[in-house]
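Asks: The sequence and its predicted three-dimensional model are supplied below.
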Amino acid sequence: MNHLDTGKDKIKKICDLLKEETLDPAKHEAQELIQAAEHKARQIVHEAEQKAEALLNDAAQKREKQRDLFLSSLKQASEQGLEAIKQAIQKRLFSEHLPKWLAEQTRDPKVSARLISVLIEAVDKEGTSADFSALIAATLSPEEVNGQLAQSIVDRLKEGGVVLGEFEGGVQLKIHDRNLILDFSEEALKELVGRYIRKNFRELFFQV
(Lines give C-alpha, C1' and ligand atoms only; values in the text may rest on other atoms or scores of the structure.)
Protein backbone atom coordinates (compact mmCIF):
# COMPACT_ATOMS: atom_id res chain seq x y z
CA MET A 1 0.00 0.00 0.00
CA ASN A 2 2.82 2.33 0.83
CA HIS A 3 4.54 1.35 -2.36
CA LEU A 4 1.42 2.20 -4.35
CA ASP A 5 1.07 5.52 -2.59
CA THR A 6 4.66 6.30 -3.31
CA GLY A 7 4.07 5.62 -7.02
CA LYS A 8 1.08 7.87 -7.06
CA ASP A 9 3.06 10.61 -5.40
CA LYS A 10 5.77 10.31 -8.01
CA ILE A 11 3.23 10.49 -10.84
CA LYS A 12 1.62 13.52 -9.21
CA LYS A 13 4.98 15.19 -8.86
CA ILE A 14 5.75 14.46 -12.50
CA CYS A 15 2.37 15.93 -13.58
CA ASP A 16 2.88 18.94 -11.38
CA LEU A 17 6.35 19.41 -12.84
CA LEU A 18 5.05 19.11 -16.42
CA LYS A 19 2.27 21.55 -15.59
CA GLU A 20 4.69 23.99 -14.01
CA GLU A 21 7.36 23.76 -16.68
CA THR A 22 5.18 23.30 -19.79
CA LEU A 23 1.53 24.08 -19.42
CA ASP A 24 1.74 27.12 -17.20
CA PRO A 25 4.35 28.92 -19.42
CA ALA A 26 2.32 28.00 -22.47
CA LYS A 27 -0.84 29.30 -20.87
CA HIS A 28 0.95 32.48 -19.81
CA GLU A 29 2.41 32.93 -23.30
CA ALA A 30 -1.00 32.35 -24.82
CA GLN A 31 -2.48 34.96 -22.51
CA GLU A 32 0.22 37.43 -23.55
CA LEU A 33 -0.45 36.65 -27.21
CA ILE A 34 -4.16 37.23 -26.70
CA GLN A 35 -3.49 40.54 -24.96
CA ALA A 36 -1.05 41.58 -27.69
CA ALA A 37 -3.59 40.62 -30.35
CA GLU A 38 -6.33 42.58 -28.59
CA HIS A 39 -4.01 45.60 -28.32
CA LYS A 40 -3.06 45.29 -31.99
CA ALA A 41 -6.71 44.99 -32.95
CA ARG A 42 -7.61 48.10 -30.94
CA GLN A 43 -4.68 49.92 -32.57
CA ILE A 44 -5.79 48.84 -36.05
CA VAL A 45 -9.37 49.94 -35.35
CA HIS A 46 -8.16 53.30 -33.97
CA GLU A 47 -5.92 53.88 -37.00
CA ALA A 48 -8.77 52.89 -39.31
CA GLU A 49 -11.11 55.31 -37.53
CA GLN A 50 -8.50 58.10 -37.80
CA LYS A 51 -7.94 57.35 -41.49
CA ALA A 52 -11.70 57.27 -42.13
CA GLU A 53 -12.12 60.59 -40.29
CA ALA A 54 -9.25 62.10 -42.28
CA LEU A 55 -10.81 60.87 -45.53
CA LEU A 56 -14.17 62.33 -44.52
CA ASN A 57 -12.57 65.65 -43.60
CA ASP A 58 -10.65 65.70 -46.87
CA ALA A 59 -13.83 64.91 -48.81
CA ALA A 60 -15.70 67.64 -46.91
CA GLN A 61 -12.95 70.16 -47.65
CA LYS A 62 -12.99 69.19 -51.32
CA ARG A 63 -16.78 69.56 -51.43
CA GLU A 64 -16.46 72.96 -49.72
CA LYS A 65 -13.83 74.08 -52.21
CA GLN A 66 -15.95 72.82 -55.11
CA ARG A 67 -19.00 74.60 -53.68
CA ASP A 68 -17.03 77.85 -53.25
CA LEU A 69 -15.64 77.51 -56.77
CA PHE A 70 -19.12 76.85 -58.16
CA LEU A 71 -20.60 79.85 -56.31
CA SER A 72 -17.72 82.04 -57.42
CA SER A 73 -18.14 80.94 -61.04
CA LEU A 74 -21.90 81.44 -60.80
CA LYS A 75 -21.44 84.95 -59.37
CA GLN A 76 -18.92 85.84 -62.07
CA ALA A 77 -21.20 84.47 -64.79
CA SER A 78 -24.15 86.43 -63.33
CA GLU A 79 -22.14 89.65 -63.22
CA GLN A 80 -20.92 89.14 -66.78
CA GLY A 81 -24.45 88.35 -67.93
CA LEU A 82 -25.84 91.43 -66.21
CA GLU A 83 -23.15 93.63 -67.71
CA ALA A 84 -23.85 92.18 -71.15
CA ILE A 85 -27.56 92.98 -70.69
CA LYS A 86 -26.68 96.54 -69.61
CA GLN A 87 -24.47 97.04 -72.64
CA ALA A 88 -27.12 95.59 -74.95
CA ILE A 89 -29.83 97.87 -73.51
CA GLN A 90 -27.64 100.94 -73.75
CA LYS A 91 -26.51 100.09 -77.26
CA ARG A 92 -30.07 99.53 -78.40
CA LEU A 93 -31.38 102.63 -76.68
CA PHE A 94 -28.56 105.14 -77.18
CA SER A 95 -26.89 103.90 -80.35
CA GLU A 96 -30.02 103.09 -82.30
CA HIS A 97 -33.25 104.60 -81.00
CA LEU A 98 -32.02 107.91 -79.58
CA PRO A 99 -30.18 109.08 -82.72
CA LYS A 100 -33.12 108.03 -84.88
CA TRP A 101 -35.57 109.86 -82.63
CA LEU A 102 -33.40 113.02 -82.54
CA ALA A 103 -33.00 112.96 -86.31
CA GLU A 104 -36.77 112.81 -86.75
CA GLN A 105 -37.41 115.58 -84.26
CA THR A 106 -34.69 118.01 -85.33
CA ARG A 107 -35.67 117.80 -88.99
CA ASP A 108 -39.23 118.85 -88.23
CA PRO A 109 -39.97 122.51 -89.18
CA LYS A 110 -42.20 122.99 -86.13
CA VAL A 111 -39.49 121.71 -83.77
CA SER A 112 -36.87 123.93 -85.42
CA ALA A 113 -39.11 126.98 -85.08
CA ARG A 114 -39.77 126.13 -81.43
CA LEU A 115 -36.05 125.77 -80.72
CA ILE A 116 -35.34 129.20 -82.24
CA SER A 117 -38.10 130.82 -80.20
CA VAL A 118 -36.93 129.20 -76.96
CA LEU A 119 -33.32 130.22 -77.53
CA ILE A 120 -34.24 133.83 -78.24
CA GLU A 121 -36.52 133.92 -75.19
CA ALA A 122 -33.66 132.57 -73.06
CA VAL A 123 -31.34 135.35 -74.25
CA ASP A 124 -34.06 137.96 -73.66
CA LYS A 125 -34.39 136.82 -70.03
CA GLU A 126 -30.91 138.17 -69.43
CA GLY A 127 -32.35 141.63 -70.06
CA THR A 128 -30.15 142.57 -73.01
CA SER A 129 -30.94 143.08 -76.67
CA ALA A 130 -29.11 141.02 -79.24
CA ASP A 131 -28.54 140.85 -82.97
CA PHE A 132 -29.59 137.35 -84.10
CA SER A 133 -29.17 135.05 -87.07
CA ALA A 134 -31.04 131.77 -87.04
CA LEU A 135 -29.67 128.85 -89.06
CA ILE A 136 -31.76 125.79 -89.82
CA ALA A 137 -30.98 122.36 -91.28
CA ALA A 138 -30.05 122.21 -94.94
CA THR A 139 -32.87 119.69 -95.41
CA LEU A 140 -35.59 122.19 -94.39
CA SER A 141 -37.39 124.99 -96.19
CA PRO A 142 -36.72 128.49 -94.74
CA GLU A 143 -40.19 129.62 -95.83
CA GLU A 144 -41.81 126.73 -93.97
CA VAL A 145 -39.87 127.39 -90.77
CA ASN A 146 -40.54 131.15 -90.99
CA GLY A 147 -44.22 130.31 -91.29
CA GLN A 148 -44.02 128.51 -87.92
CA LEU A 149 -42.35 131.47 -86.17
CA ALA A 150 -44.11 134.41 -84.58
CA GLN A 151 -43.71 137.56 -86.69
CA SER A 152 -42.03 139.28 -83.74
CA ILE A 153 -39.29 136.61 -83.86
CA VAL A 154 -38.88 136.84 -87.62
CA ASP A 155 -38.51 140.62 -87.38
CA ARG A 156 -35.62 140.25 -84.94
CA LEU A 157 -33.58 138.05 -87.27
CA LYS A 158 -30.80 139.87 -89.09
CA GLU A 159 -31.62 138.35 -92.45
CA GLY A 160 -35.37 138.92 -92.04
CA GLY A 161 -35.92 135.21 -91.48
CA VAL A 162 -34.08 131.98 -91.01
CA VAL A 163 -31.23 130.88 -93.29
CA LEU A 164 -29.93 127.49 -94.24
CA GLY A 165 -27.00 126.06 -92.30
CA GLU A 166 -24.55 123.29 -93.14
CA PHE A 167 -25.97 120.62 -90.85
CA GLU A 168 -28.60 117.91 -91.18
CA GLY A 169 -30.97 118.76 -88.33
CA GLY A 170 -31.58 121.16 -85.46
CA VAL A 171 -30.76 124.87 -85.35
CA GLN A 172 -27.96 127.29 -84.56
CA LEU A 173 -28.49 130.77 -83.17
CA LYS A 174 -25.77 133.32 -83.82
CA ILE A 175 -25.59 136.27 -81.41
CA HIS A 176 -23.54 138.75 -83.40
CA ASP A 177 -22.92 141.44 -80.80
CA ARG A 178 -21.51 138.79 -78.45
CA ASN A 179 -19.71 136.79 -81.12
CA LEU A 180 -21.45 133.67 -79.84
CA ILE A 181 -23.14 130.68 -81.46
CA LEU A 182 -25.69 128.59 -79.56
CA ASP A 183 -25.33 125.21 -81.23
CA PHE A 184 -28.43 123.03 -81.09
CA SER A 185 -27.74 121.17 -84.29
CA GLU A 186 -28.57 117.47 -84.53
CA GLU A 187 -25.01 116.35 -83.74
CA ALA A 188 -24.68 118.72 -80.79
CA LEU A 189 -28.02 117.56 -79.41
CA LYS A 190 -27.06 113.90 -79.78
CA GLU A 191 -23.98 114.46 -77.67
CA LEU A 192 -25.72 116.69 -75.14
CA VAL A 193 -28.88 114.63 -74.70
CA GLY A 194 -27.02 111.33 -74.90
CA ARG A 195 -24.58 112.35 -72.19
CA TYR A 196 -27.20 113.41 -69.65
CA ILE A 197 -29.80 110.77 -70.45
CA ARG A 198 -27.17 108.02 -70.33
CA LYS A 199 -26.04 109.20 -66.89
CA ASN A 200 -29.60 109.38 -65.55
CA PHE A 201 -30.48 106.09 -67.20
CA ARG A 202 -27.60 104.25 -65.53
CA GLU A 203 -28.42 105.79 -62.16
CA LEU A 204 -32.08 104.86 -62.48
CA PHE A 205 -31.85 101.37 -63.92
CA PHE A 206 -28.43 100.13 -62.89
CA GLN A 207 -27.86 102.01 -59.60
CA VAL A 208 -24.39 103.21 -60.66
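Replies: Everything's here; your move.
Asks: where do the helices sit along the chain?
Replies: For the chain, the helices defined by DSSP state H cover 2-18, 24-90, 98-106, 109-124, 142-148, 151-156, 186-201.
Asks: which stretch in those has the least confidence?
Replies: Per-stretch mean pLDDT for the helices of the chain is lowest at helix 2-18 (a mean of 66).
Asks: The closest residue to Q105 other than its chain neighbours: neighbour count?
Replies: The shortest distance from Q105 to any non-neighbouring residue, by CB to CB, 6 or more residues apart in numbering, is to V111 (5.2 Å). In short, each C-beta sits where N, CA and C put it, glycine included. Counted by other CB atoms under 10 Å, the residues lying close to V111 total 17.
Asks: was I right about V111 contacting A103?
Replies: No: with contact defined as CB atoms under 8 Å, V111 does not reach A103; the gap is 11.2 Å.
Asks: In this structure S133 contacts L180, no?
Replies: No: with contact defined as CB under 8 Å, S133 does not reach L180; the gap is 11.3 Å.
Asks: who touches both of those two?
Replies: Residues touching both S133 and L180 (CB atoms under 8 Å, 6 or more residues apart in numbering): K174.
Asks: quick one, which of the two is more surrounded?
Replies: S133 (16 against 12).
Asks: Tell me what that one is bridged to.
Replies: Beta bridges link S133 to K174, judged by DSSP bridges.
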